[in-house]
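**Student:** could you work out the structure for the sequence below:
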Amino acid sequence: MKSMNQKVKEGYNRAANAYSNKFRDQFKSNRHLDMLIQKLEKGSTIVDIGCGSGAPIDAYLVRHGFAVTGIDISEEQIKLAKENVPEATYEVMDMSDLKKEQFQVDAVVSFYALFHIPREQHLHVVQLMRSFLRPNGLLLITMGASEWEGKDDDFCGTEMYWSHFGVEQNKELITTAGFSILFDEIDTTGDEKHLIVLARAV
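**Tutor:** Next up, the predicted model:
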């Protein structure tokens, strides 16, 4: 039986172009990215976990003078990312396989990605994100806005899976992982609801 992670990987490989064209531009992330950018020095290093096609998140960060490394479980998404943002560095990688202190960066961003792995793994992965950060490093992440696990049989023409907690449990997870929350809100762009959190490593 295939794991949830493997199904997500296969789904995004099949839907890479359709997802990038249909969804990513619906989510207007610049306001939240600007909040992060204002707290970073130009040239700071950022790792994007679940980078997708690199657009619009990594493209925006690179344009503002940051050194970006992106990882994603989907080979097809990484192929697109290398074409879309050649200035960044990309690698195919499952966030569930990350190792403690695998990166040393000034900030971690992760948009629309964490809830594609089983929610029982979320705390561990956010703790890994904390280990990637230099002192006072920053995390900008989107999470679920309600408690739910399930699938969509027609997500950009393929099957896709989600698993997430509700808002309060997600915020508790962030603080338990070693962060102080600077900002959080429910983002409703793209006719969807996501919790978005900006936090500082403590």
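**Student:** how about the helices of this structure, start to end?
**Tutor:** Secondary structure of the chain by DSSP state H: the helices cover 4-22, 30-37, 57-63, 75-84, 122-131, 167-176.
**Student:** which of those helices sits closest to Thr158?
**Tutor:** Ranking these by proximity to Thr158 (CB to CB) places helix 4-22 first, at 4.4 Å. Just so you know, the C-beta spots here come from the backbone N, C-alpha and C atoms, and that holds for glycine as well.
**Student:** what's the weakest-modelled helix or strand in the protein?
**Tutor:** The weakest-scoring helix or strand in the chain, judged by mean pLDDT, DSSP states H and E, is helix 4-22 (a mean of 59).
**Student:** residue contacts, Phe103?
**Tutor:** Taking CB atoms under 8 Å, 6 or more residues apart in numbering, we find Phe103 in contact with 47, 69, 132.
**Student:** out of those, the closest to Asn5 would be?
**Tutor:** Val47 (19.0 Å).
**Student:** what is the neighbour count of His64?
**Tutor:** 14 (other CB atoms under 10 Å).
**Student:** any figure for the gap between it and Asp58?
**Tutor:** Using CB to CB, to the nearest Å, His64 is found at 11 Å from Asp58.
**Student:** contact partners of stretch 36-48?
**Tutor:** Residues outside stretch 36-48 that contact it (CB under 8 Å, 6+ apart) are 57-58, 61, 64-71, 103-111, 132, 138, 140, 198.
**Student:** again, 7 Å this time
**Tutor:** 57-58, 61, 64-70, 103, 105-110, 132, 138, 140, 198 (CB atoms under 7 Å, 6 or more residues apart in numbering).
**Student:** swap in stretch 83-94?
**Tutor:** With contact meaning CB under 7 Å, 6+ apart, stretch 83-94 is reached by 5, 51, 53-55, 58-59, 62, 68-73, 75, 78, 81-82.
**Student:** most residues in a single strand of this protein, which one?
**Tutor:** Longest strand of the chain, by residue count under DSSP state E: strand 133-144.
**Student:** of the contacts of Phe103, which is the nearest to Tyr161?
**Tutor:** Proximity of these to Tyr161 (CB to CB) peaks at Val47, which lies at 23.7 Å.
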